[in-house]
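Asks: Sequence and predicted structure, then a few things I'm wondering about:
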Amino acid sequence: MARIVRFHSLGGPEVLQFHEESEQEQEYEPAALGADEVRIRVKAIGLNRAGVMFRRGSYIEKARLPSRLGYEAAGLIEAIGTGVTGLKEGDAVSVIPTTDMGRYGTYGETAVVPARFVALKPESLSFEHAASAWMQYITAYGGLIAAGGLRAGDHVLITAASSSVGLAAIQIALSVGAIPIATTLDMAKKDAVLALGAAHVIATRNENLAEALQRIVGTNGLQLAFDAVGGPQVEVIAEAMAPGGVIVSHGMLDSAPTLFPLRLALRKSLTMRGYVFTEIVGNPEKLEAAKRFILEGLSSGALRPVIDKTFNFDDIVVAHRYLESNQQIGKVVVTVP
């Protein structure tokens, strides 16, 4: 029997438990493979902040307990539904985040997902890198390209840039000829983010954000901001925006209220909008466009997931503790025997 990970109560990493697949509740795991589904023998799992928030009960999707979790994985197809085309048993694939983590969780030795959320793994990628790709690149693609309209020559601010999504955003910005300006909390990660491609990095605990942005972009301003933080610094970002600029907010790492900078928005004709990755994965046309963009970048080498650390499947609790420590620069990955 294949093992999967579930949690029966909300809380910290310790609530994660291993179970045999035969123990799963039928409402979450239909006995038969759906016509549009595939079953994957998992080789690697990509961890995400969304999984942490999901098991703690603070995510946009709420768990029905007991619940699986996990958005990303890579492995080999071992069975396909009767209606699946374009995929076959034995194909090496990776999983694109679905719209139902509780039902289609990827933490396990096997995972069942709808075929539309599966992509063939580029030969140039290991299973570990393939399991790291989709959440970060779809989130960054949707915010920068689909919502933000990023173009060559644009200055784009990327906050919390040492995260996997932040690093993905830097790579995507560079791939279209834009100029990525990154923020991170302190100097400890500044050199690493510079080495990974950012044109400029601002350590916000050590440097004044407003002064640093003024020094970098001057009166030209930012064309786009891709903000994971929110809170009071949004007004500082708005002050640095160019006329007609766009602020795309995709997170709220700062728990302080985020006020809409109306005065600046009126004066500069700014657009500020919220964004979540489900805008892309929940729309078939947008998802296909994202797949094309990301697969082209992965195949060419313009996009390359940055892995911070790998853990064994048996150490999933330890891996979650590490993810919550915020020490990482890039992705945390779990390998499955």
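Replies: Good, I have the coordinates.

Asks: Name the spans of the stretch 1-150 of the chain whose pLDDT lies under the cut-off.
Replies: Judged by pLDDT under 70, the stretch 1-150 of the chain has its weakly predicted residues at 22-31.

Asks: all strands for it, in order.
Replies: For the stretch 1-150 of the chain, strands defined by DSSP state E, counting those that start in this stretch occupy the ranges 3-7, 16-20, 37-46, 72-80, 92-95, 110-114, 118-120.

Asks: any chance of those in CSV, plus distance to S132 and mean neighbour count?
Replies: C-beta here means a position set from N, CA and C on the backbone, and glycine is covered the same way. CSV is the format used below for the strands of the stretch 1-150 of the chain (distance: least, C-beta to C-beta, whole Å; neighbours: other C-beta atoms under 10 Å):
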stretch, distance to S132, mean neighbour count
strand 3-7, 18, 22
strand 16-20, 20, 15
strand 37-46, 5, 24
strand 72-80, 7, 22
strand 92-95, 9, 24
strand 110-114, 16, 22
strand 118-120, 13, 19
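
Asks: which one of those strands lies closest to Q214?
Replies: strand 37-46 (37.3 Å; C-beta to C-beta).

Asks: Can you redo the strands of the stretch 1-150 of the chain as a markdown table, where the extra columns are distance to I60?
Replies: Written out in a markdown table, the entries for these read as follows (distance: least, C-beta to C-beta, whole Å):
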| stretch | distance to I60 |
| --- | --- |
| strand 3-7 | 17 |
| strand 16-20 | 20 |
| strand 37-46 | 19 |
| strand 72-80 | 17 |
| strand 92-95 | 19 |
| strand 110-114 | 19 |
| strand 118-120 | 23 |
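
Asks: quick one: which of the ones you listed is nearest N312?
Replies: So among the strands of the stretch 1-150 of the chain, strand 37-46 is nearest, using C-beta to C-beta, at 10.9 Å.

Asks: relative to strand 3-7, how tilted is the closest one?
Replies: Interaxial angle of strand 37-46 relative to strand 3-7 (axes from the mean of the first three to the mean of the last three C-alpha atoms, to 10 degrees): 80 degrees.

Asks: circling back: of the strands of the stretch 1-150 of the chain, which is nearest S162?
Replies: Nearest to S162 among these is strand 37-46; the distance by C-beta to C-beta comes to 16.5 Å.

Asks: Do you have the helices of the stretch 51-200 of the chain handy? List them.
Replies: Along the stretch 51-200 of the chain, the stretches classed as helices by DSSP state H, counting those that start in this stretch are 127-130, 134-141, 164-175, 190-195.

Asks: deepest of those helices, which one?
Replies: Of all the helices of the stretch 51-200 of the chain, helix 134-141 has the most neighbours on average by mean count of other C-beta atoms under 10 Å, namely a mean of 28.

Asks: Could you export that helix as CSV, CA atoms only?
Replies: As requested, C-alpha coordinates have been extracted for helix 134-141 and formatted as CSV (Å, rounded to 0.1, in the frame of the first residue of the first chain):
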residue,chain,number,x,y,z
TRP,A,134,4.7,25.2,-11.3
MET,A,135,3.4,27.0,-8.2
GLN,A,136,6.2,29.6,-8.3
TYR,A,137,6.2,30.2,-12.0
ILE,A,138,2.4,30.3,-12.4
THR,A,139,2.1,32.7,-9.5
ALA,A,140,4.9,35.0,-10.9
TYR,A,141,3.7,34.7,-14.5
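
Asks: outside of that helix, which residues touch it?
Replies: 46, 48, 50, 71-72, 94-97, 119, 164-165, 167-169, 171-172, 226, 250, 277, 280-281, 290, 293-294, 297-298, 303, 305, 331 (C-beta atoms under 8 Å, 6 or more residues apart in numbering).

Asks: quick one: that helix to chain centroid distance?
Replies: 5 Å (C-alpha atoms, centre = their mean, to the nearest Å).

Asks: Can you check what angle separates that helix from strand 72-80?
Replies: Going by the same axes, to 10 degrees, helix 134-141 makes 120 degrees with strand 72-80.
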